[in-house]
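Participant: Here is the input, now give the coordinates:
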Amino acid sequence: EVTLAESVGGLVQAGGSLRLSCAASILALDDYGIGWFRQVPGKEREIISCFSSLDSSTWYADSVKERFTMSIDYANNMVYLQMNSLIPEDTAVYYCNAKASPYDYWGQGTQVTVSS
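Facilitator: Coordinates of the predicted model:
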């Protein structure tokens, strides 16, 4: 069974930093597109970062660009999201995702709360 497990998020003050990790039990993680999403109550889940295995490029949403950095450790099947300069608008449940058609795997989500 394939699983993605995010680390525990937490409460951080505005301006602070937090690193999320995602442990993937996938044999060939480098065959998958990897992404980080977030969702706030009442809104759709939005993609904030993704890595394409096709061209080894990383994309960031404008809302997190230059503040968040995604990285992948293929040797240990770990995905990371380094979040700096956090703002209250970053408060959300964060999810990691691994996708390679027809497979689409999600973590359980982890709460990140940024206080002002």
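
Participant: Do you have the strands of this protein handy? List them.
Facilitator: 4-6, 10-13, 18-24, 33-39, 46-52, 57-60, 68-73, 78-83, 92-100, 103-106, 110-115 (DSSP state E).

Participant: would you turn the ones you listed into a markdown table with mean neighbour count?
Facilitator: In short, each C-beta sits where N, CA and C put it, glycine included. Output for the strands of the chain, formatted as a markdown table (neighbours: other C-beta atoms under 10 Å):
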| stretch | mean neighbour count |
| --- | --- |
| strand 4-6 | 18 |
| strand 10-13 | 13 |
| strand 18-24 | 19 |
| strand 33-39 | 21 |
| strand 46-52 | 17 |
| strand 57-60 | 13 |
| strand 68-73 | 17 |
| strand 78-83 | 20 |
| strand 92-100 | 21 |
| strand 103-106 | 14 |
| strand 110-115 | 16 |
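
Participant: Can you add mean pLDDT and give those back as CSV?
Facilitator: As requested, these are arranged in CSV below (pLDDT from 0 to 100):
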stretch, mean pLDDT
strand 4-6, 94
strand 10-13, 96
strand 18-24, 97
strand 33-39, 96
strand 46-52, 96
strand 57-60, 96
strand 68-73, 96
strand 78-83, 97
strand 92-100, 96
strand 103-106, 94
strand 110-115, 98
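
Participant: CA-only coordinates of stretch 30-50 in PDB, if you can.
Facilitator: Taking Å, rounded to 0.1, in the frame of the first residue of the first chain, the C-alpha atoms of stretch 30-50 are listed here in PDB:
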ATOM      1  CA  ASP A  30      11.200   9.800  -9.300                       C
ATOM      2  CA  ASP A  31       8.600   8.500 -11.700                       C
ATOM      3  CA  TYR A  32       6.000  10.800 -10.000                       C
ATOM      4  CA  GLY A  33       5.100  14.400 -10.200                       C
ATOM      5  CA  ILE A  34       5.300  15.800  -6.700                       C
ATOM      6  CA  GLY A  35       3.200  18.600  -5.300                       C
ATOM      7  CA  TRP A  36       2.300  20.500  -2.200                       C
ATOM      8  CA  PHE A  37      -1.300  21.800  -1.800                       C
ATOM      9  CA  ARG A  38      -3.100  23.600   0.900                       C
ATOM     10  CA  GLN A  39      -6.700  24.200   1.800                       C
ATOM     11  CA  VAL A  40      -8.600  26.500   4.100                       C
ATOM     12  CA  PRO A  41     -12.200  25.900   5.300                       C
ATOM     13  CA  GLY A  42     -14.800  26.800   2.700                       C
ATOM     14  CA  LYS A  43     -12.200  27.100  -0.100                       C
ATOM     15  CA  GLU A  44     -11.000  24.700  -2.800                       C
ATOM     16  CA  ARG A  45      -7.600  22.900  -2.300                       C
ATOM     17  CA  GLU A  46      -5.000  24.900  -4.100                       C
ATOM     18  CA  ILE A  47      -1.700  23.900  -5.500                       C
ATOM     19  CA  ILE A  48       1.300  25.900  -4.100                       C
ATOM     20  CA  SER A  49       4.300  24.000  -5.500                       C
ATOM     21  CA  CYS A  50       5.000  21.200  -7.800                       C
END
